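J.: fold the following.
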Amino acid sequence: MADQRAQRDTEFQAFITASWSRLTRTAFLLAGETHAAEDLAQSTLERAYVAWGRVRSADDRHAYVRRILLNEHARRFRRRPREHLVTAVPESAGPDHYGRLDERAALLAALATLPPRQRQAVVLRYWEDLSETRTAEAMGCSVGTVKSQTAKGIARLRASSVLLDLTTTVGGGK
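T.: Just a heads-up that it's a prediction; the model follows:
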């Protein structure tokens, strides 16, 4: 029994080590703030540890944990309906080039304008690079809902004055 627990803990620790930075980056894009993202990732891993038997036997452990992350984010949003995306870069994201900081800040400000489901769809499709089917599985909805939420989110991002200002500046129009 003790050997099984030690093996389980070792497996789980290896999983955390391999997936922590990816998990916190996704959590950052959903929660919008470094500390909230780390808290969200930690809560996700607590739930994953409790369900490790199911996670371990899943076809894709990262997808299973990503689903836990989305559910935990949704729970928090229901309890605390306001989220504020800030422009601070998470430390786990690695070094940024100075020229890209304005772009990142503009993107985060634009993401802050999206409702949670649209933000989830956009983050999973374009940050996590998931297919529509995998995104639907992660969000617990139909592929049609993913297409709809993604299209609405992208349209809203394209219409964002913050991003329009950035593209005009970068493109040399100003």
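J.: how far out from the middle of the chain is the lengthiest helix in the chain?
T.: Counting residues, the longest helix found in the chain (DSSP state H) is helix 2-31. Here helix 2-31 is found 15 Å from its chain centre; the criterion is C-alpha atoms, centre = their mean, to the nearest Å.
J.: for Lys152, give its distance to Gln118.
T.: Distance, Lys152 to Gln118, using C-beta to C-beta, to the nearest Å: 6 Å. (Glycine included, C-beta is placed from N, CA and C.)
J.: more crowded one of the two?
T.: Between Lys152 and Gln118, counting by other C-beta atoms under 10 Å, Gln118 is the more crowded of the two (21 against 16).
J.: per-residue pLDDT, that one?
T.: For Gln118, the model assigns a pLDDT of 92.
J.: skipping adjacent residues, who's closest to it in space?
T.: Nearest residue to Gln118, sequence neighbours excluded (C-beta to C-beta, 6 or more residues apart in numbering): Gly153, at 3.5 Å.
J.: where's the one you found, which helix or strand?
T.: In the assignment (DSSP states H and E), Gly153 maps to helix 143-158.
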